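1. please find the sequence and the predicted model below.
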Amino acid sequence: MKSCTQIRLNMYNTDANKSAYNGHTDKDTLTVLCQNEVQGLQMLSKSGKWVDVKIPQNCFVVIVGDALKAWSNGRLHAATHRVMMSGEKERFTFGAFVAPKDEMKIEVPCRLVDDKIHPLRYRPFNYGEFFNFFASIRNHNAVDVFAGL
Ligand SMILES: O=C(O)CCC(=O)C(=O)O
Ligand SMILES: [Fe+2]
């Protein structure tokens, strides 16, 4: 798949107990993040609780985005995540956001589909059209609304 990678540096200031980045799923295929020593990333569990993700020093966290969730027929979960700051120090993250090129078609491979346990969950779609749809509605669930069956 042809992809493009955006690199971004995020900075979070020191406000205590403040949501610094609201809950969302990434729209891309994969996000790779590293951070300074200040934790703050949280993932939403299936039971609806926010869970701290403690990233060990010199390690990366890899987050599945909506494009990969759809491409994998929903077998890979695009976790909802956010950033909560707890006080003492500024947090920095450095992220690589890997996304399909706009013209790419996201189509579930037929070997990931079967009649019983894994029926087709997403129609084929163009990534650029999906992203424009997301940008117009800003709905957290955009991939399911746009391409879910
Ligand atoms: O900085 C972080 O820990 C998360 C950033 C993030 O979720 C994003 O940029 O999409
Ligand atoms: Fe994110």
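-> That came through fine. This one's a predicted model, so the numbers in the text were calculated from it and none came from an experiment. Ligands and ions are numbered 1, 2, ... in the order given.
2. so where does Ala96 fall, helix or strand?
-> strand 91-100 (DSSP states H and E).
3. in that strand, what's buried?
-> By neighbour count on 16 or more other Cβ atoms under 10 Å, the buried set for strand 91-100 is 91, 93, 95-100. From N, CA and C alone the C-beta is placed, and that goes for glycine too.
4. stretch 73-93 now?
-> 73-74, 78-85, 91, 93.
5. just to revisit the earlier point, from the buried residues of strand 91-100, pick the one nearest ligand 1.
-> The shortest gap between ligand 1 and any of these belongs to Thr93, at 3.5 Å (Cβ to the nearest ligand atom).
6. need the contact list for that closest one.
-> 9-10, 12, 33-36, 41 (Cβ atoms under 8 Å, 6 or more residues apart in numbering).
7. could you flag which of those are buried?
-> Here, 16+ other Cβ under 10 Å leaves 12, 33, 35, 41 buried among the contacts of Thr93.
8. need the contact list for the third one.
-> This means Gln35. Applying Cβ under 8 Å, 6+ apart, the residues near Gln35 are 41, 55, 91-94.
9. from these, which are also near ligand 1?
-> 41, 93 (Cβ under 6 Å from any ligand atom).
10. grab the nearest non-local neighbour of Met11.
-> Phe92 (5.5 Å; Cβ to Cβ, 6 or more residues apart in numbering).
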